[in-house]
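1. Let me see the structure of the following:
(one chain, ligands or ions: 1)
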Amino acid sequence: MTKHQTRRNEVPRKSQKLSSQDKADIIQKWKEGEKQKVIAQLFHVSVPTISKVVRGARKKPQFEDRVEKGEGDCWLWTGALKAGYGQWRNKYAHRVSYEKFKGEIPENQQVCHTCDIPRCVNPEHLFLGTHAENMQDAHRKGRAFQLKSGGRLTDGQVQKIRVLAESTTQVELAEMFGTTQPNISSIINRKTWKHC
Ligand SMILES: [Zn+2]
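-> Okay, the predicted model is just below:
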């Protein structure tokens, strides 16, 4: 029998050799109440291997585990960020939140923030708009897409920064609002934006 003819289930494998489909199947069987010993036989792996896969499933973080409902009514994303936006399993967290709580996002529509905080995933702060509308909205609010430099903050954002500063680091605030830490420091210490 050549290597190609070998049926994969006849070869004992280690956990890292299991495909993600195998792992999903194992977790499914385990959830249905199948004994780990039986699953191990089915997949031709050891019982500890099955235990490891199942353990991974048990502690898999949920969307809600990455949300901090702090002061104010923004739900701040505590997981990975990309350009200030929360990331959840290779998707934008605010989009996932919209789909989860409000419904499908039609094609060509973007999910925008009424609160101007990219990291916020409170569905009540999310609304649909086209890319053009979102750009207009951003310009109207004086924020041309959170550019690292030259991105201008609004009065509302500055006020929010000062509130959030009590429980958020300056580096995090800089990331959230698409600006730099020295800018945040100046805002908090009222060296800039003194009028609000
Ligand atoms: Zn918000």
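2. what does the protein put close to the ion?
-> The chain comes close to the ion at residues 74, 115, 117, 120, 122, 125, as judged by C-beta under 5 Å from the ion. Glycine gets a C-beta too; all of them are placed from N, C-alpha and C.
3. Out of the residues you listed, which two are the most distant from each other?
-> Farthest pair in the residues of the chain next to the ion (C-beta to C-beta) is 117 and 122. Separation: 9.1 Å.
4. and those two? which has more neighbours close in?
-> A direct count of neighbours by other C-beta atoms under 10 Å for residue 117 and residue 122 places residue 117 higher, at 25 against 20.
5. Over to the nearest residue to that one once chain neighbours are set aside: give its phi and psi.
-> Sequence neighbours aside, residue 74 is the residue nearest to residue 117 in space, at 5.5 Å (criterion: C-beta to C-beta, 6 or more residues apart in numbering). Dihedral angles of residue 74 (phi, psi; degrees, to the nearest 10) stand at phi -80, psi 140.
6. Overlap of the contact sets of residue 117 and residue 122?
-> Contact with both residue 117 and residue 122 is made by residues residue 74, according to C-beta atoms under 8 Å, 6 or more residues apart in numbering.
7. moving C-terminal of the helix or strand of the chain with the lowest mean pLDDT, what's the next helix or strand?
-> Ranked by mean pLDDT, DSSP states H and E, the weakest helix or strand in the chain is helix 131-140, scoring a mean of 65. Next along the chain after helix 131-140, taking DSSP states H and E as the criterion, comes helix 155-164.
8. Pull out the buried positions in that next one.
-> By 16 or more other C-beta atoms under 10 Å, the buried positions in helix 155-164 come out as 157, 158, 160, 161, 162, 164.
9. for it, the distance to its chain's centre please.
-> Offset of helix 155-164 from its chain centre (C-alpha atoms, centre = their mean, to the nearest Å): 23 Å.
10. As PDB, could you dump the C-alpha coordinates of that helix?
-> Output of helix 155-164 as PDB, limited to C-alpha atoms (Å, rounded to 0.1, in the frame of the first residue of the first chain):
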ATOM      1  CA  ASP A 155     -14.800  68.000  21.100                       C
ATOM      2  CA  GLY A 156     -16.900  65.000  22.000                       C
ATOM      3  CA  GLN A 157     -14.000  62.600  21.600                       C
ATOM      4  CA  VAL A 158     -11.800  64.800  23.700                       C
ATOM      5  CA  GLN A 159     -14.300  64.800  26.500                       C
ATOM      6  CA  LYS A 160     -14.600  61.100  26.300                       C
ATOM      7  CA  ILE A 161     -10.800  60.700  26.400                       C
ATOM      8  CA  ARG A 162     -10.800  62.600  29.700                       C
ATOM      9  CA  VAL A 163     -13.500  60.400  31.200                       C
ATOM     10  CA  LEU A 164     -11.900  57.200  30.000                       C
END
